[in-house]
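**Q** Just to be clear, the model below is a prediction. Sequence and coordinates:
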Amino acid sequence: MMEHTLISKPDFDTQTLEVSLGPQHPSTHGVFRMNVVLDGETIVKLKPVMGYLHRNHEKLAENMSYLGSMPYTDRLDYICSMTNNFAYALAVEKLAGIEVPERAQYIRIIMAELTRLVNHTLLIGFLLNDLGAFFTPVLYAFREREKILDLFEEVAGSRMMCNYFRFGGVKADLTPDFLPRVKELIQNYPRFLDEFEALLSENEILMARTQKVGVLPKELAVSASITGPMLRASGVPYDIRKVDHYSLYDRFKFRVPIGEHGDVYDRYYIRVLEMRESIKILDQAVKEIPSGDVISKVGAGFAKAPRNFKPKAGEAYGRIEAPKGELGFFVVSDGTNKPYRYHVRAPSFINLTILEDMCLGHKVPDAIIILGSIDIVLGEVDR
Amino acid sequence: MEVLTAISKVGIYVIFGVTLLGAMMAVTLRNIFHAALSLALTLIGVAAVFFVLRAEFLGAVQILLYVGGIMILVIFTVMLTTRIGDRTIPTSNHQQWPVLIGALLLLLYFVRMIGKTPWSIKSELAVVSAVQIGKSLVSTFIFPFELTAVILVAILIGTVILAKSDEGEEKS
Amino acid sequence: MFGIGVLKGMAVTFKNFVESYYKKERLTTIEYPEKRLAEKERFRNFPFLIFDEKPEDPRCVACDICAKECPPQCITIVRAQDAQGKPLKKPATFDIDYSICMNCGVCEEVCPFDAIFMDHEFELAEYGRFEDLNYTIDRLLKPKEHFMKIRPTDATRIEAELKKKENAKKAAAEKAAAAAKAKAEAAKTQASQVPDTKPETKPNEPAQPADPPAEAK
Amino acid sequence: MKTTEEIKTDLESKTGTSITVQGEALMVPKEKLFDVAKYLKDTPDYQMDYLSSVTGTDYKDGLEVTYHLYSIAKKEGPVVLKTKTDREKGVVPSLTPLWRGAEFQEREAYDLVGIHFEGHPDLRRILMWDGFEHYPLRKDYTQEDQDRNPEQF
Amino acid sequence: MDQLFVHIDQAIIHWAQAVLPDWMAVIVAMKIPIVAIAIFGPVTMMYLTLIERKLLARIQNRFGPNRVGKFGLLQPLADGVKMLTKEDIVPEKADKIAHLLAPILIVIPALLVFAVLPFGRNMIAVDLNIGVLFFLAMSGTTTLFIFTAAWASHNKFSLLGGMRSVAQMISYEIPFVLSVVPVLVVVGSFSTVAIVEAQPGLHWFVFTPWGAVGFFIFFICAVAEVNRTPFDLPEAESELVAGFHTEYSGMKFALFYMAEFMNVFTVSALVATVFLGGWQGPILPSWVWFLLKTYTLILIMMWFRGTFPRLRADQLMGFAWKFLLELTFVNIIVAAIWYEMRSPLNHLTAAAILIVTIIVLFQFNKTEIPKKRIYKYAYAD
């Protein structure tokens, strides 16, 4: 990376400009501040400041029953509420040893992959917004996202705050016309992706702006515990769906795209390819979904009376491949019906560690798109 | 019809007044940024004078070069060097009296000179079209034209070297 | 080559521009106040209480389970008392603070007596934030028919269960009466004593049957 | 992937520390934590090059830090390390020199539970504002003006 | 039909001479074009904003403003009233006078430039014989006033925006001015009317090879001169909040907005006049042709706005200095060859030279042109 050291030239030394791309700034994806020291327009120092949206989600969870904090997990990464529920449900099921019937596992995988589509489409839209394309890609992304949110609303009752997963399965079964609509969505989505790629992938301005910008070397990515599309864009083939074999992901054939340069263009393109893989998973899941009950007997009992749910003392760490990276829940129980300790391993929070390393030496607009390519959501960063 | 000539005469005097006012302000204003702006006003006033004298080509070139180019560099330097834009600088250097006497002498000399020269006032001004200017530049005044071209190229190369030397250092 | 990708991009926006005039799936905006989107059946907005015949006796027996289970703690219930101060199985006041409620639907799941459900009404703007949004019992109560109208499948399922519970209770009552008047009295007093506020045993509410009945759209 | 027992014996022999097993976690004394972690990271048959999560917890008798280590190279499951330190002046050696990912998570543990990590590049509060003195995730911390006390059930 | 407005103009003058005293009549005669422009300028600006919002909305598959008036036709009025009633905040440390002066100074050149545009056959406000040069001079001054706005609002973001705008405007002014030179050389005069007359019927300059290249460069520089996507760095919303007009609100912001859209109209009108033969056209009346060409160019600019992301500052400058400038120089030479040498030879040599330069320039900029990438898959089971 170009290490930009500030040289005070003898004849005239330029003053550095200390700008705070502050909490109130059009493209920080929420309430996030970057104290940037500029020399001209090149960035010399960049310190992220966060915590503006900190609600101490973990303290709240310690005062509530296990199921009581399930609706709060929707508010962590408010774009993919289903995957947050999924990770929390997995962690508690590992803690209490509750099995999940097959139909429920299939439904969970369908919901997780739909959320991945929503998240990646939205991310590319907002990345293009940071690049200056005046809202066109974002609104194409919103048009497609609406179809998926309608599916969520039809099944879970609410578009973004689904609160649909329960320990041992899901809250309610699929409505009759859910599966046909998912099949129809699977047909149209690749066409939308081709159109999106035609608009963006070969666009010279986009390629010029994003290639060789914010390069993340492989070693730094691994050592900085970066996960998700960012890690794979730097060339590390690590996808928790393939590594942990959680839920029924082994039954589906899908590939994991890998980039080599690890710059903003790779992170953008990896997400497009991941969306195509998610559609393949959805296709197989919708065809092979078995019938059967949607929540285990034990789970239904606890769903009906969450205060009776007292898992044995112990701790469990459940993690899934959320669209933004590895989302993990570390739950420690002391036998009562309230968790003793409840920790969320948020991918966006940890992916921000190397924001400064990537931005040094670049210009202000590059810092904005590097932040955009990391894909942070402040609800998850600040918890 | 004489009302019209009266109005146009007033118009001309207004233009001259504005130019002079701009020049005065450029010299006396304490805030240096306003001084630079009033310098721009003066230059635009001079361009207006050219238009009044039917020398449109000269007026347009004046605006294009002075206001479009040189004024921007002036303001750039004003802004870039140690941010003196917002600090005000004392304009008087405590030698008012000698300056006043000198100015009066100069004024007297100018008035005498203007009074003496035999102005040959033509009734109607010759309209000089851009084509004539172009032809004369390339025919009769070919030598000064080429000389300035050489000087400009020299300046261009000089700036490139200057910028290059900074650039080289930066990419350490 | 410079320019081809740029032109392709412009072709896509041109296609979108032209198709948005005639293709339905391109132009998805619905002009809200005039035209409205059909509400999904399971859409859940703020909760409401349900009463069978008269608004005076709602189905809710003020057992306070939903108040305890509600994650943001926005339900407060005061149990009614008759003249001598004996607690009745009816809520005197039941207010939900709509400004805190995050319509998560936990109260509907947890209620053993199917007395509270999530409504579809979402145009609830008020002027005051504290008093106006604190819904008291009279604003919460809605007739059974309203529930049947907005959520037909859930309503029919719950009515069926209630009816089953009713005949089960009635059958138990006749069997007991037929067996012997004396035992019947004892049985009757035992049967009428509704399980107290903290049911320790597993609630008798069977899990939702897996296959939802035919969609009565 | 070795079982926790095998890892325990292997670690004890290599780094000479007394490790007790708690469930699947290995309780390592905080003085030896850095060497154990370095050993796990560098030896070829473990190659724990990915620190997934750092959690600070407040137990009655002291503060505890839990590390979840994974190996991306060998795609192997978690090795869970734990250390214990006292409540007042809890100091634990920071693992940021080994894994850059620990930087923000250790700052969060410091900010919310109050565990000091010596050797951390810039240990300051990350989520709360700098003027805040308490540690919110400690069991004895109750917000002063909270009208509803937390012991509800 | 063609001379409709000219007849109206004559009628008013006759009426004025009949009714008013003669010196008043002369004033009225002089004032008619001024009044026409004073009405036409702001009205086009208002309805350009509406057209842009409607067009962008349709590109993004939504409706665009349709609540105010029948199809949103009164939306510009609503915007105007909103701008008037909005509170006009002046930052406390800002340079009050310059802060007030900047928006006014920006609107003046935008309006002055209308005088030189030939709307139709002998429908031109002032037939200066240095028409195009006057236009270029006026559009040159906007750089200075944008910089005063940026400097006066004493805000870091607008300072960055101001610096970027100066860099961009200067580096795009040279190709902007030089790409018109071939047309001026061929026509032999600066006057816009002469230029249009030199393109009778369908012999527009754009159909000659040097004309096409000149049109391409002139149009790209026009977009850059007016600060529109993909060259809208000075007021980049996503990075610099709102660039140089961050600290402006209320009527001052409206003035900036008006100046921008009037510039959009006048610049595309100039491009149409110089390269697409102004009001020359087969059947339709002259002023219809003029408006048709100008509005197609404006719609293309808006189409750009709906599609492209923004260029970074150094790429933008690189594009101007390393690509456009050389192309303009060569273009001038090619135009000269086109007219001086004998007929069959000149067409071939001109076209050949142009193609060679374009290929050489591509090779020269090879390093910067990004390449497509192919991606591998792990777990490709």
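**A** Cool, the structure landed.

**Q** Can the lowest-mean-pLDDT helix or strand in chain A be said to contact chain E?
**A** Across the helices and strands of chain A, mean confidence by mean pLDDT, DSSP states H and E is lowest for strand A:17-21: a mean of 80. Yes. Counting by C-beta under 8 Å from any C-beta of the partner chain, chain E has neighbours in strand A:17-21: A:Leu17, A:Val19. Every residue, glycine included, has its C-beta placed from N, CA and C.

**Q** now what about that strand, what contacts it?
**A** A:28, A:33-39, A:364, A:367-368, E:156-157, E:159-160 (C-beta atoms under 8 Å, 6 or more residues apart in numbering or on different chains).

**Q** The stretch 51-200 of chain A: strands as residue ranges?
**A** Ranges of strands in the stretch 51-200 of chain A, per DSSP state E, counting those that start in this stretch, are A:165-166, A:169-170.

**Q** and D:Lys139, how many neighbours does it have?
**A** 12 (other C-beta atoms under 10 Å in any protein chain shown).

**Q** rewinding a little: buried deepest among the strands of the stretch 51-200 of chain A, which one?
**A** Mean neighbour count (mean count of other C-beta atoms under 10 Å in any protein chain shown) peaks for strand A:165-166 among these, with a mean of 30.

**Q** Packing partners of it?
**A** helix A:81-96, helix A:297-304 (3 or more C-beta pairs under 8 Å, 6 or more residues apart in numbering or on different chains; DSSP states H and E).

**Q** What strands line up against that strand, and which way round?
**A** Neighbouring strands of strand A:165-166 in its sheet, by DSSP bridges, are strand A:169-170 (antiparallel).

**Q** partners of the least confident helix or strand of chain A, with directions?
**A** strand A:33-39 (antiparallel).

**Q** and for the partner strand, what are the contacting residues?
**A** Contacts of strand A:33-39 (C-beta under 8 Å, 6+ apart): A:4, A:6, A:14, A:16-23, A:25, A:28, A:43-50, A:52, A:355, A:364, A:367, A:371.

**Q** average pLDDT for it?
**A** Strand A:33-39 shows a mean pLDDT of 86.

**Q** So which other helices or strands are in contact with the longest strand seen in chain C?
**A** Ranked by residue count, the top strand of chain C under DSSP state E comes out as strand C:87-97. On a contact count with 3+ C-beta pairs under 8 Å, 6+ apart, strand C:87-97 meets strand C:75-81, strand C:134-135, helix C:137-140.

**Q** Provide the secondary structure category for the residue in the stretch 201-350 of chain E that chain B sits nearest to.
**A** Residue nearest to chain B within the stretch 201-350 of chain E (C-beta to the nearest C-beta): E:Trp321, separated by 11.0 Å. E:Trp321 falls in the helix class when you classify it by DSSP: H, G, I helix; E, B strand; the rest coil.

**Q** which residues touch the most centrally placed residue in chain E?
**A** Nearest to the geometric centre of chain E sits E:Val267, at 2.5 Å (C-alpha atoms, centre = their mean). Each residue near E:Val267 by C-beta under 8 Å, 6+ apart is listed here: E:Ser139, E:Ala222, E:Glu225, E:Val226.

**Q** For it, give its distance to chain A.
**A** Per C-beta to the nearest C-beta, to the nearest Å, E:Val267 is found 19 Å from chain A.

**Q** Now the phi/psi pair for the residue nearest the centre of chain D, please.
**A** The centroid of chain D falls nearest to D:Val65 when counting by C-alpha atoms, centre = their mean (2.9 Å). Backbone torsions of D:Val65, given as degrees, to the nearest 10, read phi -120, psi 130.

**Q** beta partners for it?
**A** With DSSP bridges as the criterion, D:Val65 is bridged to D:Gly56, D:Thr83.

**Q** got a list of what E:Pro370 touches?
**A** The contact partners of E:Pro370, by C-beta under 8 Å, 6+ apart, come to A:Glu204, A:Met207, A:Ala208, A:Gln211, A:Tyr265.

**Q** What about the last one, how many residues nearby?
**A** Yep, that's A:Tyr265 we're talking about. Counted with other C-beta under 10 Å, the neighbours of A:Tyr265 add up to 24.

**Q** And it, which helix or strand is it part of?
**A** According to DSSP states H and E, A:Tyr265 maps onto helix A:264-288.

**Q** Which helix in the chain has the most residues?
**A** In the absence of a named chain, this looks at chain A. helix A:102-131 (DSSP state H).

**Q** That was the other one, I meant chain B.
**A** helix B:142-170.

**Q** Please see if it touches chain E.
**A** No. Using C-beta under 8 Å from any C-beta, helix B:142-170 never reaches chain E; the gap is at least 11.0 Å.

**Q** Show the low-confidence segments of the chain, by residue range.
**A** Picked chain A for this. Where chain A drops to pLDDT under 70, the residues are A:1-15, A:26, A:28.

**Q** um, chain E though
**A** Chain E contains residues with pLDDT under 70 at E:237-238, E:380-381.

**Q** mind listing the strands for it?
**A** Counting by DSSP E, the strands of chain E are E:118-120, E:123-124, E:376-378.

**Q** Farthest pair within the contacts of strand A:17-21?
**A** Spatial extent of the contacts of strand A:17-21 (C-beta to C-beta) is set by the pair A:Thr28 and A:Asp39 at 21.8 Å.

**Q** More neighbours: these two, which one.
**A** A direct count of neighbours by other C-beta under 10 Å for A:Thr28 and A:Asp39 places A:Thr28 higher, at 20 against 17.

**Q** Pull up the residues of chain E that are close to chain B.
**A** Counting by C-beta under 8 Å from any C-beta, chain E sits next to chain B at E:22-23, E:26-27, E:93, E:95, E:97-98, E:101, E:128-130, E:133-134, E:136-138, E:140-141, E:143-144, E:147-148, E:151-152, E:154, E:166, E:170, E:173, E:188-190.
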